[in-house]
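Enquirer: Using only what follows, build the 3D model:
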Amino acid sequence: MKKLLFLVFTFLAFAHVNAQILDPVKWTSRTEKVSDTEFNLIFEATIDDGWHIYSQFTPDGGSLPLEIKYENQKGNYTLIGKTSESATKKEFNAVFGVDEIFFSKKAVLKQKIKITNFGLAKIDAVVDYQVCKDGCIAGNKTFTFSIPKIVSATTSAVSESAAAKEQNPTLPDTIAAVPAVVSADSTANKTTVKADSAAGKPTEKKESKSIWTIFIGSILGGLIATITPCVFPMIPMTVSFFLKQSVSKAKGKFNAFFYGFCIVAICIAITLPFHLIEGISRDVFSDISTNVYLNIFFFIIFVTFAISFFGAFEIALPNKFANKVDNASNSGGLIGIFFMALTLIIVSFSCIGPALGFVLGTALNSDGGAMILSIAMLGFGLGLALPFMFFAFAPSLLGNLPKSGGWLNTVKVVFGFIELALAFKFLSNADLVLQLHLLEREVFLAIWIGIFLALALYLFGKYSLPHDSPLPFISVGRMLFAVLTLSFAIYLIPGLWGAPLKLISAFPPPQNYSESPMGFGGSAGGNVAEAALPEGAVFGPHKIVSFEDYNVGLAYARKMKKPVLIDFTGRACQNCRLTENNVWSDEKVLKILRNDVVLISLFGDERIDLPEAEQYISKETGSKIKTVGQKWSEFQRQKYGTNARPFYVLIDAEENTLNEPIGYTPNIDDYHKWLTEGISKFK
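Expert: Next up is the predicted model:
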């Protein structure tokens, strides 16, 4: 009965406010280090004059006490004692008949914790409280505490804190400040500042699968590089040298094995500078893979190599440098073998350089960092070294190798055509990032069709190039490869009219980046009418209504009462295109994307400059945030602790995640299951 009277009194006291939003409390939070594994989580509240917040120790039967919930404690951290409070006051409340305990003007809460998971980057805590004057307002705040990197006796450097930094006014409201200034909100206009504990990198299983894919693909790339004219003839020569020059067969096999080991070590050593660069900037690999000038540079390099492979000229590193390394290889012993391996890589650079560049480019585009790059080069080195080691242990099989001859030049020309096709992928990346629309989907596909038709005609023997041997007939293998190439060129042709071309979906520009975004006659547009496009939206892949501004899309989702799918993507992101073309195109997934969610696509490589007033210095990286892409990358990194693309997050109207975010997920059923599970929690 007393509480009912109190509620009636509160209603009457606020009847004259006429729905004015009151903001009597300003909150901040910070982390204080006690020891290597112990920290204090500190909440501080500044309370307007005349108002007060009830203590967590105020007696039962009175006003609602303050309560703090520390999330995800199990396996991550433990609480040491209870949350302590700064000075409080005590007064008798005649309505409830108890002595109430409360804060006025200022409140400080402190909780000591001990970290048990040394990889923990952040801790979320939720505070429920009641602030009163003539009446009372219920408050609910979520705080994110950044936990500094911990190095223990048994654990080396751990992952960097992914907790949010101080919010910049130009960024979405969800980029929380730590310490963050958070004010009490009215019930009608409540915003929760939260970085969800579920957020982060994709699951370990999916990461492992991606790593193995890159590793195995790199091994295949290294093996393919061994059948080039620069490397293939060296296999029997090198193996025979080790077996004949060694005092015993066992010693010869060991030397051949060490030779292969040196090839792998040199390939890994190439990646060491990238590890140093990564320590300077966490976004360096994303910047490299989408850098316009670097993509144009790779385009020029690949075209140059392609023309060289066609026989126009030869590319080689300076002879003086190669000769010095070769002379060092004559010193004998293990050092001499190392320089022999280095000589192989230098001399054969004109053949393996493009394959090496492609492996490096693929790893850089994976957003996996320097470690993925090293794994890719480990695979490439193994692929390049395996034939040398294998034939050293089975020299009797050397006689089964095909003899060097004109067929090697044919292989080189085929590589030239492939290099030429890949060159336009790099040029397309630059065009997509700049949004110049010079190399749209139809133009890109027309170039590829021309390249592979020319390759098919070459394989069929319809013309020859400068270094080709006379061709009285074509072999069965060459004929079959020619048929396969011609079939591929024919397969590409429907793409000019809007066909999805799932086999190469990662390479050409997306369908909406073309002269006919809806396909020829609207064939790629589905049944969505132009009139259905809301204000501020654009048509994304498969004519899905998409927003490219977070706040505009979120406002529309609240209006439509739908969950939001945040699509952290990139103009030049290969795995993003694979997901859009191979997963989003599936009927059951596409139905959800069109009807059940609001899609917000944030392009982390968008190079459009922000207005001068919205540019700022990142407190995490120290670099200036000048472009739209940097803004969304900063948002993703601060909110979700990763900058990998693609990255998908389902949130509700209050910006709380509905399930665990995911990265690149090529399996349609897995992606559909993730969507339906998240949406089912929306209500």
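Enquirer: longest helix anywhere in this structure?
Expert: helix 406-434 (DSSP state H).
Enquirer: Now do the same for the next helix or strand after that one: mean pLDDT, whole number.
Expert: Scanning forward in sequence from helix 406-434 by DSSP states H and E, the next helix or strand is helix 441-459. In this model, helix 441-459 has an average pLDDT of 96.
Enquirer: now the angle from helix 441-459 to helix 406-434?
Expert: 180 degrees (axes from the mean of the first three to the mean of the last three CA atoms, to 10 degrees).
Enquirer: residues making contact with helix 441-459?
Expert: 410, 413-414, 417, 420-421, 424, 428, 463-465, 474, 478-479, 481-483, 485-486, 488-489, 492-493, 495-496, 501, 508-511, 513-516 (CB atoms under 8 Å, 6 or more residues apart in numbering). Heads up, the C-betas are built off the backbone N, CA and C, glycines and all.
Enquirer: Buried ones only from the residues you listed, please, as a PyMOL command.
Expert: A single PyMOL command selects the buried members of these (16 or more other CB atoms under 10 Å):
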select buried, resi 410+413+414+417+420+421+424+428+478+481+482+485+486+488+489+492+495+496+501+508+509+510+511+513+514+516
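Enquirer: Next step: the contacts of helix 441-459 restricted to helices.
Expert: Short answer: these in helices (DSSP H) are 410, 413-414, 417, 420-421, 424, 428, 478-479, 481-483, 485-486, 488-489, 492.
Enquirer: in terms of contact, does Ala121 touch Tyr640 like I think?
Expert: No. Between Ala121 and Tyr640 there is no contact under CB atoms under 8 Å: 11.1 Å.
Enquirer: From the centre of the chain, give me the residue that's furthest out.
Expert: Ala94 (59.5 Å; CA atoms, centre = their mean).
Enquirer: what pLDDT does that residue get?
Expert: The model's pLDDT for Ala94 equals 72.
Enquirer: just to revisit the earlier point, could I get the buried residue list for the longest helix of the chain?
Expert: 407-433.
Enquirer: which residues touch Ile80?
Expert: Glu38, Lys112, Ile113, Lys114.
Enquirer: Can you tell me which of those residues end up in helices?
Expert: Judged by DSSP H, helices contain none of the contacts of Ile80.
Enquirer: Next, format these as TSV and append neighbour count, distance to Pro24 and pLDDT.
Expert: Shown next, in TSV, are the contacts of Ile80 (neighbours: other CB atoms under 10 Å; distance: CB to CB, whole Å; pLDDT from 0 to 100):
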residue	neighbour count	distance to Pro24	pLDDT
Glu38	14	34	89
Lys112	17	29	93
Ile113	25	29	93
Lys114	13	35	90
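Enquirer: Widest-spaced pair of those?
Expert: Within those, Lys112 and Lys114 form the most distant pair, 7.7 Å apart (CB to CB).
Enquirer: Quickly list what's touching both of the two.
Expert: By CB under 8 Å, 6+ apart, the residues touching both Lys112 and Lys114 are Glu38, Ile80.
Enquirer: before we move on, the earlier item: now intersect the contacts of Ile80 with the strands, please.
Expert: Mapping those onto strands (DSSP state E) picks out Glu38, Lys112, Ile113, Lys114.
Enquirer: Thanks a lot, catch you later.
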